[in-house]
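Return a 3D structure for these sequence lines:
(chains A and B)
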Amino acid sequence: MAKRSTPELNAGSMADIAFLLLSFFLLTTTMEQNIGMPRRLPPMIEQQEKEKIEINKRNILQVHVNSYDRLLVDGKPMESVLLKDVVKTFITNPNNEDSKPEKEKKEVKGLGVVEVSKGVVSLQTDRGTSYKIYMAVQNEIMKAYTELREEFSNSRFGNTFNKLTEDQQEAVRGYYPLNISEAEPRDATKSGSKGGGTTKRRR
Amino acid sequence: MKLAKKKKKQGGSYSSSSMSDIVFMLLFFFMVTTTMRDEEIMVKIKLPEATEIAKLERKDLTCYINVGAPIDALQSKLGTDTRMQLNDKFSTINDIRDFVAAKREQLSEADRVQLTIAFRMDEETRMGMVTDVKQELRRCQALKINYLANQPSN
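A predicted model of the protein is given here:
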C-alpha cells in the first residue's frame, strides 16, 4: 500500500486562539499593587528630655476613639463621617473664634508671610480600639486636609493640587501643615495612665 | 506530473514559525513584569478601607509586617489569636528589631533612610498591638511607615 501522508493541521488559526487567550489575560490580570497611607513616626524621645510641650488648649482638637469604637471629639460623641467638617472648621477657624486655634504669621516659601493655623489634631485610642475604625478616623482627618489643600490650590494657583509644580505643592503644604498628634493609647484597665503627647507629622 | 499539479492547488499552509517568536515575546513580558510573592502569608488579612491613599513607591525599599489571625489550616495548632508574621515565620514584638536590622543590611547606605515599613494588618487588629509595633519601630529608628489599605469599591 502506498504510504499515506498524514494530513497537515492548519496551524494558522492557532495564533488567533493564542492571541485571544493572551489578550484576555492581559486585560484581566492586575499586577499586585500596594496602596496605603504614608506616615512618619516621631523619633523616640529620651526619657530625660521628655518635657511636655505646652500647647494652648484652644489649639488642640481632641479626638478619642474608645474600645467600643465610639468617637469622642472634644468630649462629645460624634459619628465618624462628620469628623471631616469639624476638622476643616477647626483648622480654618473662619470666624476667628476664641475657642478655635490661633493663627500664626509665618513665612511660607512661595507665599510670603501668611497666617498659618496652629491647630493640632490629637488622636487618641484605647488598646482595644480596632484598627479598622482607627484607619477610618485617620482617613477622615486626612480627607479634611486634602480638601483644604485642594481649595487653597484652586484659589491661589487656579489649579488642582496634583497639577501644581513641586514648589507650589510645597507651599500649599506649608500653608496647611498636617499636624496630627498621636498620644500613646490608654489602657482601659489602668485608670489615669495618660501617655505622653507624641507628635507625628508628615508634610 | 499530474500529481504535482494537484498538490499545488491545495493552497499553501502558511508558516507558523513566527508564532513561537510572538509567544516567547509575550512570555518574556510576563516573566519580567510579574513579581513573585516571596513570602507565604500565614495570617488572614482583610485590609481596612481608606480613600486618602497613595501608591507605595519603591517595593525594594519596603518590608512588610503582617498581623492577623492565623489562616484556617493553622488555627487548630495556633488558635485564633492575632499573630504577627515577619518574613516567613510567626514572631513577637521583640523580633522586629532584628527584622529591621536585617533589611537595613541589604540596602545601600543611601537607601537606608528610605526604608519603609508597610503595615499589612487585619482590620480587626486591636490598636494595642499596632501601637506596640509602632513603639518598637520608633526605638529602631525606622520612622517611615505606611498603613496598607484598600480602595473602597464603588
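
OK, now which residue of chain B is nearest to chain A?
Proximity to chain A, evaluated over chain B using C-beta to the nearest C-beta, is greatest for B:G128 at 3.2 Å. Quick note: C-beta positions are derived from backbone N, CA and C, even for glycine.

And the average pLDDT for the longest helix seen in chain B is what?
Secondary structure assigned by DSSP state H gives helix B:17-33 as the longest helix of chain B. Averaging pLDDT along helix B:17-33 gives 73.

In terms of secondary structure, what does the helix or strand following it contact?
Next along the chain after helix B:17-33, taking DSSP states H and E as the criterion, comes strand B:43-44. Counting by 3 or more C-beta pairs under 8 Å, 6 or more residues apart in numbering or on different chains; DSSP states H and E, the packing neighbours recorded for strand B:43-44 are strand B:62-70, strand B:83-86.

Quickly run through the sheet partners of the helix or strand following the last one, with directions.
The C-terminal neighbour of strand B:83-86 among helices and strands, as given by DSSP H and E, is strand B:89-91. For strand B:89-91, the pairing partners within the sheet under DSSP bridges are strand B:83-86 (antiparallel).

how distant is the partner strand from the center of its chain?
Its chain's C-alpha centre and that of strand B:83-86 lie 15 Å apart, by C-alpha atoms, centre = their mean, to the nearest Å.

Mind checking which residue lies nearest the centre of chain A?
A:M142 (3.7 Å; C-alpha atoms, centre = their mean).

what's the helix or strand for that one?
A:M142 belongs to helix A:131-157 when elements are defined using DSSP H and E.

Okay, angle between that helix and strand B:62-70 too, please.
Angle, helix A:131-157 to strand B:62-70, by axes from the mean of the first three to the mean of the last three C-alpha atoms, to 10 degrees: 140 degrees.

what's the burial count for A:Y68?
Using other C-beta atoms under 10 Å in any protein chain shown, A:Y68 is surrounded by 11 other residues.

What of B:A102?
Every residue meeting other C-beta under 10 Å relative to B:A102 is counted, giving 12.

doesn't it fall inside a helix?
Yes. Counting by DSSP: H, G, I helix; E, B strand; the rest coil, B:A102 is found in a helix.

returning to that earlier point: pull the distance from the helix holding A:M142 to the chain's centre.
Relative to its chain's centre, helix A:131-157 lies at 7 Å (C-alpha atoms, centre = their mean).

If we go by neighbour counts, what in the longest helix of chain B is buried?
Using 16 or more other C-beta atoms under 10 Å in any protein chain shown as the test for burial, helix B:17-33 gives B:L26.

What is that helix packed up against?
helix A:12-28.

how close does the residue in chain A positioned nearest to chain B sit to B:I22?
Chain B sits closest to A:R127 of chain A, with a gap of 3.2 Å, by C-beta to the nearest C-beta. To B:I22, A:R127 is 58 Å away according to C-beta to C-beta, to the nearest Å.

can you pull out the helices in chain A?
Using DSSP H, helices in chain A cover A:12-28, A:83-92, A:131-157, A:166-175.

So for the second one, what gets flagged as buried?
Judged by neighbour count using 16+ other C-beta under 10 Å, the buried positions of helix A:83-92 are A:L83, A:K84, A:V86, A:V87, A:K88, A:F90, A:I91, A:T92.

Could you do stretch B:91-107 as well?
By neighbour count with 16+ other C-beta under 10 Å, stretch B:91-107 contains the buried residues B:S91, B:I96, B:F99, B:V100, B:K103, B:R104.

now those in CSV, with pLDDT?
Below are the buried residues of stretch B:91-107 laid out as CSV (pLDDT from 0 to 100):
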residue, pLDDT
B:S91, 88
B:I96, 91
B:F99, 90
B:V100, 91
B:K103, 89
B:R104, 89
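
Next one, pLDDT for B:R120 please.
91.

Equivalent analysis for A:R201, please.
On pLDDT, A:R201 comes in at 49.

In terms of pLDDT, where does the nearest residue to A:Q33 once chain neighbours are set aside sit?
Using C-beta to C-beta, 6 or more residues apart in numbering or on different chains and skipping residues adjacent in sequence, the residue nearest A:Q33 is B:K55, 6.7 Å away. Here the pLDDT value assigned to B:K55 is 84.

phi, psi of B:K55?
Dihedral pair for B:K55: phi -70, psi 150, per degrees, to the nearest 10.

Averaged over its residues, which helix or strand of chain A has the lowest pLDDT?
In chain A, the helix or strand scored least confidently by mean pLDDT, DSSP states H and E is strand A:197-202, which has a mean of 47.

so where is chain A shaky, pLDDT-wise?
Scanning chain A for pLDDT under 70 picks out the ranges A:1-3, A:11-12, A:14-15, A:28-32, A:46-54, A:184-203.

ok, now with 80
Chain A contains residues with pLDDT under 80 at A:1-33, A:44-57, A:97-99, A:109-110, A:183-203.

returning to what we had before: so can I have CSV of the buried residues of helix A:83-92 showing distance to B:L78?
Listed next are the buried residues of helix A:83-92 as CSV, based on distance: C-beta to C-beta, whole Å:
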residue, distance to B:L78
A:L83, 37
A:K84, 40
A:V86, 42
A:V87, 40
A:K88, 45
A:F90, 44
A:I91, 45
A:T92, 50
